[in-house]
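S.K.: Need a 3D model of the following:
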Amino acid sequence: MPMQFDALTPITEPELQSYLRAILNASIYDLVIETKLELGKKISTRLGQQIWLKREDTQAVFSFKLRGAYNKLLKLSPELREKGVIAVSAGNHAQGVAMAAQHLNMRAVIVMPQTTPPIKIDAVRTLGAEVVLHGDSYDDAAAHGAALPGQRNLVMVHPFDDEDVIAGQGTIAMELCRQAQLMDAIFVPVGGGGLIAGIAAWIKALRPDVRIIGVEPIDAACLHAALAAGQPVTLAQVGLFVDGVAVKRIGDAPFRVAMRCVDEMVLVSTDQVCAAIRDIFEETRTVVEPAGALALAGIKQWCAAKPREPGLNLVSIVCGANMNFDRLRHVAERAEIGQQSEAVFGVTIPEQPGSFLRFCQALGKRAITEFNYRYVENASAQVFVGIALRKGAPERLSVLADLRAQQYLVSDFSENEAAKLHVRHLVGGRVSSTLNERFFRFEFPERPGALLRFLERLSTRYNITLFHYRNHGAAYGRVLAGFQVSPSDCADFENRLDTLGFARVEETENPALLQFLSLSSPSDAAAVTTMAAEIR
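M.R.: Reported below is the predicted structural model:
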């Protein structure tokens with residue numbers, strides 16, 4: 001069960017020593033392997049540091065989660081082992097518990113959301129566990145799973161808020177201290193906090209000079225938020241791309257360790273994670289899951305944030321490789337921007353023969369990776385263009401300045417999420433502002449009936465003016481939708497959106513959408529026409 005504390009204060013020195021003994025006595029190596037620590041030669045050369053990869057993706061279930069799950073089961077009394085165990089998980093913890101239970105001839109029940117990809121469900125069943133599917137989200141599954149231990153007389157194995165689980169994960173740090181004589185910092189991916197708590201407890205007890213740096217996605221930063229607030233906080237929603245760490249609230253036990261033992265936090269974007277996935281592939285020829293590349297993305301961000309002493313020994317925990325094949329196209333698409341080897345711009349050019357040629361001449365010999373355009377009967381054309389970069393952000397800014405110096409109206413959409421996810425695939429029809437159009441991005445649960453539910457809740461009252469759906473093999477699909485909503489109906493419309501229960505972001509004022517999918521006002525249209533005339 002999750003650990004409960006009357007007051008969440010930093011762990012004491014005796015408690016730290018207790019973790020040290022628990023990690024030292026974790027007898028897990030009849031099932032768990034001691035993973036290699038490998039030097040990433042290419043990324044080390046590029047960053048001017050010694051970048052080491054701790055290869056937890058090579059465990060039998062392709063994740064470190066086996067360590068904590070197995071240690072927890074080993075610590076159960078014979079009477080509790082006889083009962084069997086239950087866990088709630090949509091991913092790596094499920095497989096770790098299932099394999100550990102199979103190894104010990106124990107019964108295991110795994111509760112998973114109905115949105116869990118079939119590949120993960122099949123993997124758990126292959127390991128002999130019973131799978132119970134419930135709800136659209138992890139929270140739905142967790143609420144259902146909380147009642148089952150009593151009903152079925154099972155022992156709950158929590159994925160991170162448990163001392164034995166934390167101790168199992170801490171064996172990674174024990175191995176690191178044997179494998180690396182020199183360590184300046186260890187970068188650890190953070191979800192619920194069990195991994196960073198185990199590693200930090202061991203390191204700070206024995207090697208307090210080594211910095212512990214947690215890494216989280218910008219849109220799922222529960223430990224960062226908790227450390228800032230001085231207590232665990234529940235995030236309203238979390239991004240789902242780095243699904244292995246998509247946790248709304250840090251565990252109580254991990255938080256107490258983090259308060260004392262974590263030195264720093266780094267936040268990274270989806271694009272930076274995708275770029276790190278590619279980096280690890282180029283080093284190892286292994287495709288890791290987004291969470292598996294999170295720590296390396298953090299190292300790159302940390303090195304770029306300010307000048308660092310060269311030659312530091314920086315360790316990245318490569319925590320897992322349970323990647324759905326269908327997600328690779330999305331990773332490849334976003335890695336270019338995350339590596340800052342591609343920029344995407346919205347450019348206004350005159351609507352006349354030869355304009356594209358002149359625009360390409362303005363770019364010089366730079367490679368164009370994408371060019372999206374559709375004729376609209378006026379004096380100017382809106383072009384969505386991707387440009388390959390060799391020198392990263394400085395070159396992007398240089399291209400932007402060059403184009404503007406040549407009188408092109410240019411918007412930089414390289415950091416615009418709606419532009420990168422949707423607009424680049426939708427460049428074309430534009431409508432007048434008299435339509436009273438509003439745009440929203442949604443995350444849909446990937447299950448039968450989700451779209452029907454969406455439409456039924458909104459009723460037929462609101463005309464859908466645009467709908468773009470993308471799915472990348474994850475539990476949630478991405479949707480951009482436009483609606484015709486009169487000003488007098490805004491309150492009713494927003495109430496209906498609230499009842500959907502889907503994560504959403506309004507994009508009505510997003511400059512990429514205004515440029516390519518609508519004319520925000522008649523005056524805007526006139527301004528574009530006037531500017532095109534001036535360019536001619």
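
S.K.: Only C-alpha atoms from now on, for both contacts and neighbour counts.
M.R.: Will do.

S.K.: how does this structure divide into domains?
M.R.: Split into domains by automatic domain parsing, the chain comes to 13-24+34-58+170-335, 65-156, 337-426+522-535, 433-516.

S.K.: Strands of the stretch 101-250 of the chain, residue ranges please.
M.R.: 108-112, 130-133, 155-156, 185-189, 211-217 (DSSP state E, counting those that start in this stretch).

S.K.: Next, format those as a markdown table and append mean neighbour count.
M.R.: Shown next, in a markdown table, are the strands of the stretch 101-250 of the chain (neighbours: other Cα atoms under 10 Å):
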| stretch | mean neighbour count |
| --- | --- |
| strand 108-112 | 27 |
| strand 130-133 | 18 |
| strand 155-156 | 22 |
| strand 185-189 | 26 |
| strand 211-217 | 26 |
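
S.K.: Redo these as a markdown table? Include mean pLDDT.
M.R.: Listed next are the strands of the stretch 101-250 of the chain as a markdown table, based on pLDDT from 0 to 100:
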| stretch | mean pLDDT |
| --- | --- |
| strand 108-112 | 95 |
| strand 130-133 | 95 |
| strand 155-156 | 96 |
| strand 185-189 | 98 |
| strand 211-217 | 98 |
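
S.K.: how about those in a markdown table, adding distance to residue 517?
M.R.: As requested, these are exported to a markdown table (distance: least, Cα to Cα, whole Å):
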| stretch | distance to residue 517 |
| --- | --- |
| strand 108-112 | 39 |
| strand 130-133 | 40 |
| strand 155-156 | 50 |
| strand 185-189 | 38 |
| strand 211-217 | 30 |
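
S.K.: Format the domains of the chain as a markdown table; extra columns: distance to residue 163.
M.R.: Formatted as a markdown table, these follow (distance: least, Cα to Cα, whole Å):
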| stretch | distance to residue 163 |
| --- | --- |
| domain 13-24+34-58+170-335 | 7 |
| domain 65-156 | 8 |
| domain 337-426+522-535 | 36 |
| domain 433-516 | 30 |
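
S.K.: Can you say which of these is nearest to residue 164?
M.R.: Residue 164 lies closest, by Cα to Cα, to one member of the domains of the chain: domain 65-156, at 5.1 Å.

S.K.: Which residues are in contact with the closest residue to residue 231 other than its chain neighbours?
M.R.: Excluding the flanking residues, the one nearest residue 231 by Cα to Cα, 6 or more residues apart in numbering is residue 8, at 6.9 Å. Shown in contact with residue 8 (Cα atoms under 8 Å, 6 or more residues apart in numbering): 231, 252, 255, 256.

S.K.: Identify, from those residues, the entry nearest to residue 516.
M.R.: residue 231 (43.8 Å).

S.K.: what about that closest one, distance to residue 478?
M.R.: Using Cα to Cα, to the nearest Å, residue 231 is found at 32 Å from residue 478.

S.K.: And residue 287, by the same measure?
M.R.: Taking Cα to Cα, one finds residue 287 at 23 Å from residue 478.

S.K.: Settle it for me: which of those two has more neighbours?
M.R.: Set residue 287 next to residue 478 and count neighbours by other Cα atoms under 10 Å: residue 287 wins out with 22 against 19.

S.K.: how would you label the closest residue in space to the more buried one that isn't next to it in sequence: helix, strand or coil?
M.R.: The spatial neighbour of residue 287 that comes closest, neighbours along the chain excluded (Cα to Cα, 6+ apart), is residue 281 at 5.5 Å. Assigned state for residue 281: helix (three-state reduction, DSSP: H, G, I helix; E, B strand; the rest coil).

S.K.: what do you get for residue 482?
M.R.: Strictly by three-state DSSP, residue 482 counts as strand.

S.K.: Contact partners for it?
M.R.: Here residue 482 is in contact with 437, 438, 439, 440, 464, 465, 466, 467 (criterion: Cα under 8 Å, 6+ apart).

S.K.: just residue 359 next, same as before
M.R.: residue 349.

S.K.: at 7 Å what do you get?
M.R.: Under the criterion of Cα atoms under 7 Å, 6 or more residues apart in numbering, residue 359 has no contact partners.

S.K.: Can I get the helix or strand where it lies in PDB? Just the C-alpha atoms.
M.R.: For residue 359, the enclosing helix or strand under DSSP states H and E is helix 355-363. The C-alpha coordinates for helix 355-363 follow below in PDB (Å, rounded to 0.1, in the frame of the first residue of the first chain):
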ATOM      1  CA  SER A 355       7.100  33.800 -56.200                       C
ATOM      2  CA  PHE A 356       8.200  30.300 -55.000                       C
ATOM      3  CA  LEU A 357      11.400  30.600 -57.000                       C
ATOM      4  CA  ARG A 358      12.200  34.000 -55.600                       C
ATOM      5  CA  PHE A 359      11.500  32.700 -52.100                       C
ATOM      6  CA  CYS A 360      13.800  29.700 -52.600                       C
ATOM      7  CA  GLN A 361      16.500  32.100 -53.900                       C
ATOM      8  CA  ALA A 362      16.000  34.100 -50.700                       C
ATOM      9  CA  LEU A 363      16.700  31.000 -48.700                       C
END
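
S.K.: can you list the weak-confidence ranges in the stretch 301-450 of the chain?
M.R.: Along the stretch 301-450 of the chain, segments meeting pLDDT under 70 span 337, 353, 374-378, 427-434, 445-450.

S.K.: which residues in it form strands?
M.R.: So, for the stretch 301-450 of the chain - with DSSP E, counting those that start in this stretch - the strands run 313-318, 342-350, 368-372, 380-388, 409-412, 437-445.

S.K.: which one of the ones you listed has the most crowded surroundings?
M.R.: Mean neighbour count (mean count of other Cα atoms under 10 Å) peaks for strand 313-318 among the strands of the stretch 301-450 of the chain, with a mean of 25.

S.K.: For residue 83, give me its contacts.
M.R.: Counting by Cα under 7 Å, 6+ apart, residue 83 touches 153, 154.

S.K.: for it, phi and psi?
M.R.: For residue 83, the backbone dihedrals (degrees, to the nearest 10) come out as phi -70, psi -40.

S.K.: And it, what's its pLDDT?
M.R.: For residue 83, the pLDDT comes out at 96.

S.K.: do residue 519 as well
M.R.: At residue 519, the model reports a pLDDT of 57.

S.K.: Residue 10 belongs to a strand, doesn't it?
M.R.: No - looking at residue 10 with three-state DSSP, it is coil, so not inside a strand.

S.K.: Nearest residue to it in space, ignoring adjacent ones along the chain?
M.R.: Residue 10's closest residue in space is residue 256 (Cα to Cα, 6+ apart), at 4.6 Å.

S.K.: try residue 138
M.R.: Leaving out its chain neighbours, residue 138 is closest to residue 113 (Cα to Cα, 6+ apart), at 5.8 Å.

S.K.: That neighbour and residue 132 touch, don't they?
M.R.: No - with contacts counted by Cα atoms under 7 Å, residue 113 stays clear of residue 132, the gap being 8.3 Å.

S.K.: For the residue nearest the centre of the chain, which non-adjacent residue is spatially closest?
M.R.: With distances taken as Cα atoms, centre = their mean, the residue of the chain nearest its centroid is residue 242 (2.5 Å). Nearest in space to residue 242, with sequence neighbours left out and distances taken as Cα to Cα, 6+ apart, is residue 290 at 5.1 Å.
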